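Colleague: Mind looking at a prediction? Sequence and model below.
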Amino acid sequence: MPVTDDFCMLRRLIGRAGSLLAAALVSMTMAAPMASAATSDRATTPAVSAQLITAENGIAPGAGTVSAGLTLALGEGWKTYWRTPGEVGFPPRIDWAGSRNVAEVEFQWPAPERFTAFGIENYGYHDEVVFPLRIALEQPGQPAYLSASVTLLTCSNVCVPQDFSLSLDLPQGTSIDPDSAARIADYAGRVPVGAEAGQIQSATAHVDADATALTVTLRRASPFEAPDVFPELGESASLGTPDIRLGEDGDLLWARLPILSPPADPTAEISLTATDADGWAVTVTPDRVAAAPPPPYTEARTTAPLSSMVWIALTAFLGGVILNVMPCVLPVLSIKLSSAMKLEGAGHARVRWGFLASAAGVMAFMWGLAAVLFALRQAGVTVGWGLQFQNPVFLALMVAILAIFAANLAGAFEISLPPSLQTRLARAGGAGGHVGDFLTGAFAAVLATPCSAPFLGTAIAFALAGRGVDIALVFTFLGLGLAAPYLLVAVRPGLVRHLPRPGRWMIALRVMLGLLLAVTAAWLVWVLRGVAGTTTMLAVLGMTAGLVMLLSLSRLRGAVRAGLALPLVGIMLFGAGYLADTSTPRALSSQVTEWVRFDRAEIARRVSRGEVVFVDVTADWCLTCKANKALVLDREPVVSVLAAEGVTPMQADWTRPDPAISRYLESFDRYGIPFNAVYGPAAPDGIVLPELLTPDVVMAALDDAVGKERDIAGQR
C-alpha cells in the first residue's frame, strides 16, 4: 500500500530535527497512536526481546491479508532454533487463540545458520531474526486483533524455555510503517525459494544402509561460491559437520554429513535447504538414489611431519608395553610363564629363538589385525580396538581354546603331534617347539586386545583416522611394545636361569596356571551371555564341555579324537552365530550407582537444564572398564557425588555393537574403551577423562563441569 503524505512529512521532520528531544516529542504527540497499532509491546528477558510488528498500521478497505513479523533480539551468546532443530531444541511456536478476524497465519522461516551446542550441530539464529507472518483475515477490510502466545527455546551454556504473550490492534486504516515493512521484507527475502526460482537443475540424496551418513548433491545453472547445506531427515534426526565439495566448475555441490542419530521414521521425506553468498537460499526435495554419488574430487590426506610420526610411534610402543601390566595380564602372564617353564635349562640359542618366535607371534597378530581393520574401514565398516569381542563366533572360539589349554595344563590330557611329524620336525631342527612359541605369542596378543591403556587411545585414534601407512606404523610399534618382554629375554637369554629349578613345584604351578585360564574362559562365557544371550551361552558351554571330555578319552587314538573334535568345534561356532540373540536390548544390571541408559540427545537436554552428566562407555569384555568401576566409580567419594541431586550418571553399554555409541566415540576421535566424559553448564562439549581413572581426576572434572556456582564435592 502507498505511504501517506502526512507520514512522509513526519519522517522528514524527525530526520531534520537532529535532536533526540525533538524526536521524542514528535513521537509522543503524533506518532504514538500509529506505533501502538504497528507494533506490540515488547516481552523482554535476559536471553531475548520479542515483539510483533506489521507493515500496515491499519486494515485498508477490501484488504484480505496483513504482512506481519515476529522479531527476536537475542542477547549476546544466546541462540534460538530453526524449524528442524535437531536433537536438542524445539522451534518457535505461536498459538493465535484469542485473536479476532484471523482466519490463518503462515509462519515463514528465514534461512538458518549453523552453530554447535553441547557437541551437536544445530540450525538456528543468533543476534536478531524476524519471522515473516502472512495473516489471512476472515473478514477483509475489517479491524483485526492479533493475540500471540509464543513458546521458544533459547540456548547459551544452558537452555531456557521462553513463554510470553504479544498482542496488537489493527484498526481500519490505509497507512504503512515503512521501518517495519522494510524489516519484514528484508527477512522475507531470506526465506528459501523453490527449485525453479533457485535455478536448481537436479538434487539427489542417499542414506547408507546403516543410516550413518547422508550424501546429497545439488546442481544449478550458475556456480556456487561459499555454500552451506541444512538437510531435514525427520523427527529426532541429528547430523554432524558437512564435508562440502564443489565440482563441474562450481555448478555442482556435493556434501556428505555423518548421521549422529537416525530419524524415527527412516522412510520420511528428505528436505534440503542450501544457502550461498548474497542471501541466496533454496529448499528442495531431492530424489533418493540407490548409491551414494561420488565426490567431485578426492581430498589428499595431509602427511604428518616426521616429528609427529616419531612421537606417535613412541606413544604406540609405550601403550603396548603398558598393556603387559593391565587388568587383562593374568591370562597373558599364564601363557608367558608356561612358555618360560618349558625353556628352563635349555641353551641360549634355544631360549633366544623360542622367545623370538613368541615375539613374532605377537607381531603377526598385530599386522593381521591392522590389515583387517584397514580393509573394514575401506569398506565403510565401523572399526575399533577390541571390537572382535562383540562377535559371538569369536567368543565361542576363544572359550573353546582357553578351556582346552586349561584342561591340558591341569593334566587332563596331552596334545602331541603324530610321531612321524615329530620326527620330521626334530630333523629340521626342532621347529615344532618354535611353532608352539609362535602361537603362544599370538594368543597372548589376542587376549590383550580387550584392554585399553594410557597412550593406547591416542595411538589407535591416529591410526584409524589416518592413512594405511599410519595404521601399519601404529600397530607395528604397538606390537613391539607388547612383545617387549619376549624381546628382552631373547636379547638376554640368561634371564631364564633366574627361574627356580625344576621340581614338584612345577606340577602345582601348571595346575594354578590352568585355573587362571579356566577363570578367563568363565569370564568369556559371561561376556558371551551378554553379547549373544543365555541360549547361545549354554549351547557353547555344553559343547565346550563335550569337547574337553572327548579330548580326555585316553583310550581313543589322537587322530580319532582330532577327527571327532574338529566337527564339534565347527558345529559350536556355527551355533554361536546362528543362535545369537541381539534383538532384545540389554537391561542395565543392578549396580552401586543408579545409571540411566545412554542417549546422546538426553545429555544435551539435561545439561541445558543446568545438570551435570557423567558418561561411562563400558562393556562386559572391557577389563579396564571393570577395574575403573571397582576401584573408582563404585567407591567413595565418587559414588556419593554421582548420586547427588543435579548429577546424572549415564552408561553406554558397548558389549554388543551399537552404531550410536560408535558414532559418539568417533566424535571424540576415540575407537576403543574405556571412555568417560563429564558434561555440565561450564563444559557443554564435555571433559574427556583418561583411560585409567582416579578419584581426584573424576572429582576435579565434575567440579569443572558444574562451574563456579556450585561445589559438587561439598554436596556429599
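Modeller: Perfect, thanks for sending it. Numbers count the residues shown, from 1 in each chain.
Colleague: Quick one, grab the pLDDT at residue 524.
Modeller: We note a pLDDT of 85 for residue 524 in this prediction.
Colleague: do residue 417 as well
Modeller: At residue 417, the model reports a pLDDT of 46.
Colleague: Repeat that for residue 39.
Modeller: Predicted confidence (pLDDT) for residue 39: 80.
Colleague: what are the ranges of the helices in the stretch 451-600 of the chain?
Modeller: Secondary structure of the stretch 451-600 of the chain (DSSP state H, counting those that start in this stretch): helices at 456-464, 468-482, 484-491, 505-532, 534-551, 558-579, 600-608.
Colleague: Next, count neighbours for the nearest residue in space to residue 249 that is not next to it in sequence.
Modeller: With CB to CB, 6 or more residues apart in numbering as the criterion, residue 249 has its nearest non-adjacent residue at 6.2 Å, and that residue is residue 223. Every C-beta, even on glycine, is put in place using the N, C-alpha and C of the backbone. Other residues lying near residue 223 total 13 when counted by other CB atoms under 10 Å.
Colleague: Just to be sure, residue 223 is in a helix?
Modeller: No: per DSSP: H, G, I helix; E, B strand; the rest coil, residue 223 lies outside any helix segment and is coil.
Colleague: Against residue 436, how distant is it?
Modeller: When CB to CB, to the nearest Å is the yardstick, residue 223 and residue 436 sit 67 Å from each other.
Colleague: Quick one: residues contacting the residue nearest to residue 249.
Modeller: When contacts are counted by CB atoms under 8 Å, 6 or more residues apart in numbering, residue 223 is found next to 246, 249-251.
Colleague: and if we set it to 7 Å?
Modeller: Neighbouring residues of residue 223 by CB atoms under 7 Å, 6 or more residues apart in numbering: 249-251.
Colleague: Most tightly packed of the helices of the stretch 451-600 of the chain?
Modeller: Using mean count of other CB atoms under 10 Å, the stretch among the helices of the stretch 451-600 of the chain with the greatest mean number of neighbours is helix 456-464 (a mean of 24).
Colleague: ok, the residue nearest to residue 249 to residue 685 distance?
Modeller: 35 Å.
Colleague: same deal with residue 367?
Modeller: Distance of residue 367 to residue 685, computed by CB to CB: 36 Å.
Colleague: distance between the ends of stretch 44-58?
Modeller: Taking CA to CA, to the nearest Å, the first and last residues of stretch 44-58 lie 25 Å apart.
Colleague: how about it: buried residues?
Modeller: Neighbour counts over stretch 44-58 (16 or more other CB atoms under 10 Å) mark 47-48, 50-58 as buried.
Colleague: again with stretch 125-132
Modeller: Within stretch 125-132, the residues that count as buried by 16+ other CB under 10 Å are 125, 129-132.
Colleague: which of those residues lies closest to residue 644?
Modeller: Ranking the buried residues of stretch 125-132 by separation from residue 644, with CB to CB as the measure, puts residue 125 on top at 35.7 Å.
Colleague: Quick check: the closest one touching residue 114?
Modeller: No: if you go by CB atoms under 7 Å, residue 125 and residue 114 don't touch, sitting 10.9 Å apart.
Colleague: Direction included, what does the one helix or strand residue 256 maps to pair up with?
Modeller: Under the assignment given by DSSP states H and E, the secondary-structure element containing residue 256 is strand 252-261. Within its sheet, strand 252-261 is paired with strand 213-220 (antiparallel), strand 238-239 (antiparallel), strand 243-247 (antiparallel), according to DSSP bridges.
Colleague: between these, which gets the lowest average pLDDT?
Modeller: Of all the strands paired with strand 252-261, mean pLDDT reaches its minimum on strand 238-239 (a mean of 82).
Colleague: Contacts for that one next, please.
Modeller: The set of residues that contact strand 238-239 without belonging to it, under CB under 7 Å, 6+ apart, is 86-87, 120-121, 214, 231, 257-261.
Colleague: shaky segments in the stretch 351-500 of the chain?
Modeller: 379-386, 413-433, 449-466, 496-500 (pLDDT under 70).
Colleague: rerun at 90
Modeller: When residues are selected by pLDDT under 90, those of the stretch 351-500 of the chain lie in 351-359, 361-362, 365-366, 368-475, 478-479, 481-500.
Colleague: So what angle separates the directions of the host helix or strand of residue 314 and helix 468-482?
Modeller: Secondary-structure assignment from DSSP H and E places residue 314 in helix 306-323. Angle of helix 306-323 versus helix 468-482, following axes from the mean of the first three to the mean of the last three CA atoms, to 10 degrees, is 40 degrees.
Colleague: Keeping just the C-alphas, turn helix 306-323 into PDB.
Modeller: These are the backbone C-alpha positions of helix 306-323, laid out as PDB (Å, rounded to 0.1, in the frame of the first residue of the first chain):
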ATOM      1  CA  LEU A 306      58.400 -36.800  10.700                       C
ATOM      2  CA  SER A 307      58.400 -35.500  14.300                       C
ATOM      3  CA  SER A 308      54.700 -36.300  14.700                       C
ATOM      4  CA  MET A 309      55.300 -39.800  13.300                       C
ATOM      5  CA  VAL A 310      58.100 -40.500  15.700                       C
ATOM      6  CA  TRP A 311      56.000 -39.200  18.600                       C
ATOM      7  CA  ILE A 312      53.100 -41.400  17.600                       C
ATOM      8  CA  ALA A 313      55.400 -44.500  17.200                       C
ATOM      9  CA  LEU A 314      56.800 -43.900  20.700                       C
ATOM     10  CA  THR A 315      53.300 -43.400  22.100                       C
ATOM     11  CA  ALA A 316      52.100 -46.700  20.500                       C
ATOM     12  CA  PHE A 317      55.200 -48.500  21.800                       C
ATOM     13  CA  LEU A 318      54.600 -47.300  25.400                       C
ATOM     14  CA  GLY A 319      50.900 -48.200  25.100                       C
ATOM     15  CA  GLY A 320      52.000 -51.800  24.100                       C
ATOM     16  CA  VAL A 321      54.400 -52.000  27.000                       C
ATOM     17  CA  ILE A 322      51.800 -50.900  29.500                       C
ATOM     18  CA  LEU A 323      49.300 -53.500  28.100                       C
END
